[in-house]
Structures are given as C-alpha cells and as structure tokens.
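In: Model the following, please.
(one chain, ligands or ions: 1)
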Amino acid sequence: MSDTVKIVRTVHDLRKVTAKWRHRGHSIGLVPTMGALHAGHVSLVRLAKKKADRAVVSIFVNPTQFAANEDLSRYPRDEAGDLKKLDDADADLVWAPTVEEMYPDGFSTGVRAGSAAKELEGTFRPQHFDGVATVCAKLFNQVTPNVAIFGEKDFQQLAVLLQMVRDLNMPLKLIGAPTKRDTDGLALSSRNAYLSATERKIAPSLFSIISALAGDIAEGADVAAGVTNAKRKLTAAGFEKIDYIEVRDSETLGSASTASGRPLRVLAACWLGKTRLIDNVAV
Ligand code: AMP
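Out: This is a model prediction of the structure:
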C-alpha cells in the first residue's frame, strides 16, 4: 500500500477532502478509471495535473457497464500497483468506492446515453453506454470536478460523455487525451493482459491496418473498398472475428462523407481468442 497518495472509499470522506480544496480555491481534475493502470492512464493523470490544481483518480470497476456474458469477474485488479503508479504521477487523491457505496440498496435512477451511443460499440454492447453515462454522472456529482479527462482510446465513450455533459448542462469541461501505444503500435489497455504470447504478436496489426486505411482514405481511396480490404487484412493477420471497422464523422459518429471536408475517424473492434480489442485513428 502507498503511504503518500490518499485513498477514500466513502462519499462522506471524499467530500471532506474536496470541500477543503474548494475552500482554498483549488480547481479539481478527475480521471475516471477501472484500475489495472498503465502508462495510458498515467498520461491522463499528468494532463489532469496540468489542467487543474488537484487531480482525483477514481478506481471503480463498474458492474453496470458489463453485460452478463462479459469479463466483469476476470477484469484485472491491482490496487497496490495502481497506488504506486498514482504516487509517481503525483495524483492528489484516489476515489475507490465499493459497489455498495456506489449503488446502495434501492438505487434505481439512471442516465440513458444519447444518439452517439447508437451503433458501433452500441450494437455489440447494447446497455454499455447507459452504464458508463450513469456512473460518470455519479462520479461528476461526487467529485464535482472542473475538468474530467478521458482517453481517445475509447473514442465513442468520449463522444457519448461530451453529448451527456452538453445535453444535461453539467458544469464541467471534458478533455480528450491521445492514445498511448506500446512501441509496436498496440494501444495500451488493461485487457491486453488477457492476450497469449501468440495473440500479443498479432495484436499490433490492428493499429497498422486501420492506420493504412486512414492513410488511403486521406489520399482519396474509396471508403467501402478500403474497409473491405482492411477486413481481409485483419482476417489474414489472425483476428478471428471482426465486430466492425467503420469510417465515421469524428464529432457526431454519424455516417461519414469524404466530400464534406469534415474530420473523419476510423473505428474498429475485433477479437483475438477471448479478448476483444478496440482501436481508432484519425483520417
Ligand atoms: P479504463 O480504465 O480502461 O476504463 O480507462 C480509463 C480511462 O483511460 C478512459 O478514459 C480511457 O479512454 C483511458 N485510456 C485507456 N487506455 C488508454 C490509452 N492507451 N491511452 C490513453 N488513455 C487511455
């Protein structure tokens, strides 16, 4: 256990700390996580420290964003390791509620995620973004941050939360941060721990294939033909199942038109054995 970064596990104790900071005029940055932290998470904490006087990192594996057939029970957990990394990153407070503290008996209110949650992840994980939106709304009310930092790694999640904050007039600013990658291009993810040695060797080709597709589209290639080609390459590389690979409008995540001049994003989700990987790149 760390002896420097403070950890609180009840809303009561959290508010005691944040009230003191508010009294001193300090601004607060929040970095929501599910723990099993890696350098991608740490980069968000460092950004939070630049954008606010105090950085709060929440660690909560949120059961309501997992479907019954998903990996909630085997999701990696390493609180001691996380606290060490957060110490090094100069986090000011760790907010680590229990499931009972977050969802006490009788809890039944929720946020229904907006149009950005439809399709892509929403097609394959139908309740996921309602769970994410609800827990983030709770985290925002608990921590009352001025800013909250989210990774572009989960690009659709960022779009859904930007829409929630806008639609519900939530009094904070969301900031998106670029995806941290391993030297071979694989996006860092807590779920990479599930990959076998063979799967880990295949995994970086997801990034190289969607990057090549983004490059081709930027040079004027036909989107449908490019996507078909990218799917063929993913299958040849060893990905067993492709949930989707799509080119979308970066802001609305609606259908993309290369003629519109609007920023586009390539988003993909596919499976290596029992592990589902997602990634995205700008066109
Ligand atoms: P998670 O713990 O996976 O729910 O992620 C917590 C936050 O870290 C989310 O905002 C993610 O988008 C972000 N994140 C996850 N992986 C990365 C990465 N490789 N680079 C930057 N941010 C990331």
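
In: and stretch 49-68, anywhere near the ligand?
Out: No: Stretch 49-68 does not reach the ligand (CB under 6 Å from any ligand atom); its nearest approach is 8.3 Å. For every residue, glycine as well, the C-beta is placed using N, CA and C.

In: what about that stretch, average pLDDT?
Out: Taken as a whole, stretch 49-68 has an average pLDDT of 97.

In: same question, stretch 261-271
Out: 95.

In: Could you check that stretch and say which residues are buried?
Out: 264-270 (16 or more other CB atoms under 10 Å).

In: So which bits of the protein are right by the ligand?
Out: So the chain meets the ligand at 33-34, 40-41, 43-44, 150-151, 153-154, 177, 179-180, 187-190 (CB under 6 Å from any ligand atom).

In: Buried subset of these as a ChimeraX selection?
Out: Applying 16+ other CB under 10 Å to these, the buried members can be selected in ChimeraX as follows:
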select :33,34,40,41,43,44,150,151,153,154,177,179,180,187,188,189,190
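
In: Looking at the stretch 151-283 of the chain, what residue ends up closest to the ligand?
Out: residue 151 (2.4 Å; CB to the nearest ligand atom).

In: before we move on, what about the stretch 1-150 of the chain?
Out: Closest point on the stretch 1-150 of the chain to the ligand, by CB to the nearest ligand atom, is residue 40, at 2.4 Å.

In: Pretty sure that residue sits against residue 179.
Out: Yes: between residue 40 and residue 179 there is a contact at 6.8 Å, judged by CB atoms under 8 Å.

In: Name the residues contacting each of those two.
Out: 151, 153, 187-188 (CB atoms under 8 Å, 6 or more residues apart in numbering).

In: Could you save the residues you listed as a markdown table and add columns showing pLDDT and secondary structure?
Out: Shown next, in a markdown table, are those (pLDDT from 0 to 100; DSSP: H, G, I helix; E, B strand; the rest coil):
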| residue | pLDDT | secondary structure |
| --- | --- | --- |
| 151 | 98 | strand |
| 153 | 98 | helix |
| 187 | 98 | strand |
| 188 | 98 | coil |
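
In: now the helices: where do they sit in the stretch 151-283 of the chain?
Out: Here the stretch 151-283 of the chain has its helices, by DSSP state H, counting those that start in this stretch, at 155-167, 197-202, 205-218, 223-237.

In: And the pLDDT for residue 3?
Out: Reported pLDDT for residue 3: 61.

In: where are the low-confidence patches of the stretch 1-150 of the chain?
Out: 1-3 (pLDDT under 70).

In: need the strands for this structure, in chain order.
Out: All strands of the chain, identified by DSSP state E, fall at 6-8, 28-33, 54-59, 93-95, 147-151, 173-177, 241-249, 264-272, 275-282.

In: Which of those strands sits closest to residue 70?
Out: strand 275-282 (8.8 Å; CB to CB).

In: Report all helices and strands that the closest one contacts.
Out: Contacts defined by 3 or more CB pairs under 8 Å, 6 or more residues apart in numbering; DSSP states H and E place strand 275-282 against helix 205-218, strand 264-272.

In: related to what we said a few turns ago, tell me who's in contact with the residue of the stretch 1-150 of the chain closest to the ligand.
Out: 151, 153, 179-180, 187-189.

In: next one: residue 202
Out: 237-239, 272.

In: Could you turn the buried ones of those residues into a ChimeraX selection?
Out: The ChimeraX selection below is limited to those of these classed as buried (16+ other CB under 10 Å):
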select :237,239,272
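
In: Quick check: the two most widely separated of the contacts of residue 202?
Out: 237 and 272 (9.4 Å).

In: what sits against the residue nearest the centre of the chain?
Out: By CA atoms, centre = their mean, the mean C-alpha position of the chain lies nearest to residue 154, the distance being 4.0 Å. Residue 154 makes contact with residue 278, according to CB under 8 Å, 6+ apart.
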